[in-house]
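Asker: after the sequence you'll find the predicted model.
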Amino acid sequence: MKNRFIVLIDFSAYSKHLIQFAYDWSQRANAEILLVHHVVALYPVMTPYEVKIKLIGDATRKAGEKLKKLIKAVLPEGTAVRSIVSDSNLIVILKQLLGEPYNNLLFLGIKGTGLMKKIFIGSQAVEIINYINNLIVVMPENAACCAPNVIHVAVQRDYPLNIDEFNNFLGFHTEKSSRLVFFSVMMPGDDQYSIEQYLKELTELYVDKFNVSHELYLGKKALKSLREVILKKQNEFVVVQRGSRMLLTDVFRKFLINELVYEGNTPLVIVP
């Protein structure tokens, strides 16, 4: 199947960089690009049906024109790119698109404004992560594209990594020079031996194809140590399994989103 990058565009200040990042990566991965904008038309609750339809139509038309201008401003002339502008439920739109015969990678930009938004990402982003069963790249504002030197993969022994989907993600990388680092953060009550065994199993699984290693962070300064390791490097990705405590537990999610994605400008890949 062909590769396709589905890029969600909200016309924020970060949209240009998001499109550029996806385009640059698509050139390496031989991927088609599909830009999707969800229209939100505002009107009073008691607005007549005919007026609602007109308002939605006007908003959709204006958004379509704005998206064309954005594409022209960012991408080289003649670039083949599809776009969808719709007021339909975004989750429904995405599920329909993901049912088409492509290897899809979904790009989602997040903004670094406001503490609560940093911690909880944003309600629409959380909804997409929770309900869309596909590889998702969560993009900070200024991440560099797009052949990472190191791919840090957060794993949890009692919530195993989806190997098939992780391999799909690796398939979008034509360069095999990236180093894989599988890591776990050990918490009180965790079985250190079983965690170490799982890390070794994953390392052995990829040792013939990549420069691969594993790391275990434990003790009171585990997260601080992990932060120092990742932030001191440039051009990295962090991969996390959906449903793992890295995304479900507030302290881990705050650390992951605030300190790695925002501060480190590190793209976050979520494996379904």
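Answerer: That came in fine, so what should we check first? Residues are numbered from 1 along each chain as shown.

Asker: what segments of this structure are helices?
Answerer: Using DSSP state H, the helices of the chain run over residues 15-29, 49-74, 90-98, 115-120, 123-131, 163-170, 192-206, 222-231, 245-248, 250-254.

Asker: which of these has the lowest mean pLDDT?
Answerer: Lowest mean pLDDT within these: helix 115-120, a mean of 42.

Asker: ok, Leu205 to Tyr217 distance?
Answerer: 21 Å (Cβ to Cβ, to the nearest Å). Yep, even glycine has a C-beta here, placed from its N, CA and C like the rest.

Asker: I figured Leu135 hits Phe107, correct?
Answerer: No - using Cβ atoms under 8 Å, Leu135 makes no contact with Phe107, being 10.0 Å away.

Asker: give me the pLDDT for Ile257.
Answerer: 66.

Asker: one more: Gly264?
Answerer: 62.

Asker: do the same with Gly219
Answerer: pLDDT recorded at Gly219 is 64.

Asker: need the pLDDT of the residue lying farthest from the centre of the chain.
Answerer: Most distant from the centre of the chain: Pro48, at 39.0 Å, with distances by Cα atoms, centre = their mean. At Pro48, the pLDDT value in this model is 82.

Asker: quick one: it from Ile91, how far?
Answerer: The value you get for Pro48 to Ile91, if Cβ to Cβ is used, is 28 Å.

Asker: how is this protein divided into domains?
Answerer: 2-139, 150-271 (automatic domain parsing).

Asker: quick one: closest of the helices of the chain to Val261.
Answerer: helix 115-120 (8.8 Å; Cβ to Cβ).

Asker: list the contacts of the nearest residue to Thr203 once chain neighbours are set aside.
Answerer: Counting by Cβ to Cβ, 6 or more residues apart in numbering, the nearest residue to Thr203 once its immediate chain neighbours are dropped is His214, at 4.9 Å. Going by Cβ atoms under 8 Å, 6 or more residues apart in numbering, His214 touches 181-183, 199-200, 202-203.

Asker: dig out what His214 forms beta bridges with.
Answerer: Phe182 (DSSP bridges).

Asker: how much space is there between the nearest residue to Asp87 once chain neighbours are set aside and Ile136?
Answerer: Spatial nearest neighbour of Asp87, chain neighbours left out: Val39 (4.2 Å); criterion: Cβ to Cβ, 6+ apart. Counting by Cβ to Cβ, the separation of Val39 from Ile136 is 22 Å.

Asker: likewise for Ile270?
Answerer: Using Cβ to Cβ, Ile270 is found at 4 Å from Ile136.

Asker: what's the overlap in contacts for the two?
Answerer: By Cβ under 8 Å, 6+ apart, Ile270 and Ile136 have these common neighbours: Ile129.

Asker: can you count the residues close to the nearest residue to Arg157 once chain neighbours are set aside?
Answerer: Leaving aside its sequence neighbours, Arg157 sits nearest to Tyr198 (Cβ to Cβ, 6+ apart; 4.4 Å). By other Cβ atoms under 10 Å, the residues close to Tyr198 number 20.

Asker: try Arg4
Answerer: 21.

Asker: contact partners for it?
Answerer: So Arg4 contacts 31-34, 102-105 (Cβ under 8 Å, 6+ apart).
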